[in-house]
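J.: What would the 3D arrangement of this be:
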Amino acid sequence: MKKNLILLFKISVVCCVFLVAAIFIAFANSKNSVAVLNYHQINDVDNNALTVSVADFEDQMRYLKENDYKAITPEEMLAAFKNNTPLPEKSVIITFDDGYLDNYKNAYPILKKYDLKATIFVITDYVSLYPNYVTWDELKEMQSSGIINIESHTMDHLNLLKVDKNEARLQLSGSKHWLEAHLKKPIKFLAYPEGDYNNEIINILKDLGYEGAFTVSYAKASKDENPYELSRVPIFGYEGNTTQRFKLRLDFAPVFSPLEKLKKTLRYNNLGFIADFIYVP
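T.: Purely as a prediction, here's the structure:
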């Protein structure tokens, strides 16, 4: 019993040291980083983790506007990182995955109302096919507005690590081709389905002319990251006040990123009972 308590104490001390160091480093680097927010559905019908209510989404966009956040595009962020030029203070990127119809019906009017740019990563084979996804005409309207930027989320939302190399290339090249053909603009960015990728996928992206790609994590995107491994902060739906979670993740991403990594490490090492005490909203 005594040995177990000593071991537990040692583990706790190591965790605390790691956590303090990680938070200090994260905050030190946060001035050169951007919170990239990741949404999916915006509606009052679907009650799941991928859905944020219309009222909550408007609260969140109003919060950004009233607190002087500047919504930029992935291209603007990457150009600043590459050229070592300053970004607007309190820069943020608003993104949506998949291309749901409610992005057009519910999110788009709110973004226009608060003059906030956003990027939608679209599954091209779903466009103008399924009733709960956008049409090509709706994508063209949003793209031409100057508010919405359209980019790729592959053709069929297949996990790129679970298909062979030829299929992965087809998913990436096909979505890029059809988006460029319909929207008459270069497609430069990808959001990885399920956030999964490897070096082989990155090499295909580079070969096809993509300039960057996004995964999902609690960290902010920074110029120290590989441009094909850019972080995004998930803003998903929950029971209760999702806007409070949004504010915590937006303002304290440098804290929650090392916390989340620590939780995963503890669970991987069969220390879930300690991980359960670590709060990540």
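
J.: Would you map the strands across the stretch 101-250 of the chain?
T.: 118-122, 148-152, 189-191, 212-214, 221-222, 233-234 (DSSP state E, counting those that start in this stretch).

J.: would you turn those into a markdown table with distance to Phe252, mean neighbour count and mean pLDDT?
T.: Backbone N, C-alpha and C define where each C-beta goes, glycine included. As requested, the strands of the stretch 101-250 of the chain are exported to a markdown table (distance: least, Cβ to Cβ, whole Å; neighbours: other Cβ atoms under 10 Å; pLDDT from 0 to 100):
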| stretch | distance to Phe252 | mean neighbour count | mean pLDDT |
| --- | --- | --- | --- |
| strand 118-122 | 22 | 25 | 98 |
| strand 148-152 | 27 | 24 | 98 |
| strand 189-191 | 23 | 26 | 98 |
| strand 212-214 | 20 | 25 | 98 |
| strand 221-222 | 16 | 22 | 94 |
| strand 233-234 | 10 | 20 | 92 |
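
J.: and those as a markdown table, adding distance to Asp98?
T.: Below are these laid out as a markdown table (distance: least, Cβ to Cβ, whole Å):
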| stretch | distance to Asp98 |
| --- | --- |
| strand 118-122 | 7 |
| strand 148-152 | 12 |
| strand 189-191 | 9 |
| strand 212-214 | 13 |
| strand 221-222 | 20 |
| strand 233-234 | 14 |
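
J.: Select, out of these, the one closest to Lys82.
T.: strand 212-214 (10.0 Å; Cβ to Cβ).

J.: so what's the closest residue to Lys112 other than its chain neighbours scoring on pLDDT?
T.: Distances taken as Cβ to Cβ, 6 or more residues apart in numbering place Ile147 nearest to Lys112, at 5.5 Å, with adjacent residues excluded. pLDDT recorded at Ile147 is 98.

J.: Please verify my assumption that Ile147 contacts Leu111.
T.: Yes. With contacts counted by Cβ atoms under 8 Å, Ile147 reaches Leu111, the gap being 5.5 Å.

J.: ok so, going back, with Glu76 as the reference, name the closest of the strands of the stretch 101-250 of the chain.
T.: Closest approach to Glu76 among the strands of the stretch 101-250 of the chain is made by strand 148-152 (9.8 Å; Cβ to Cβ).

J.: Show me what that closest one is packed against.
T.: helix 74-83, strand 118-122, helix 136-144, helix 165-183, strand 189-191 (3 or more Cβ pairs under 8 Å, 6 or more residues apart in numbering; DSSP states H and E).

J.: So which bits of the fourth one are buried?
T.: Residues of helix 165-183 classed as buried under the neighbour-count rule (16 or more other Cβ atoms under 10 Å) are 168-176, 178-179, 182-183.

J.: returning to that earlier point: overlap in contacts, Ile147 and Leu111.
T.: 117-118 (Cβ atoms under 8 Å, 6 or more residues apart in numbering).

J.: neighbour-wise, which of those two wins?
T.: Here Ile147 and Leu111 are set side by side on neighbour count (other Cβ atoms under 10 Å), and the busier one is Leu111, at 23 against 17.

J.: What separation do you get for the more buried one and Asp137?
T.: Distance of Leu111 to Asp137, computed by Cβ to Cβ, to the nearest Å: 18 Å.

J.: could you list every residue that touches Gly99?
T.: 120-123, 126-127, 133-134, 139, 153.

J.: Check the gap between it and Arg245 for me.
T.: Gly99 sits 24 Å away from Arg245, going by Cβ to Cβ.
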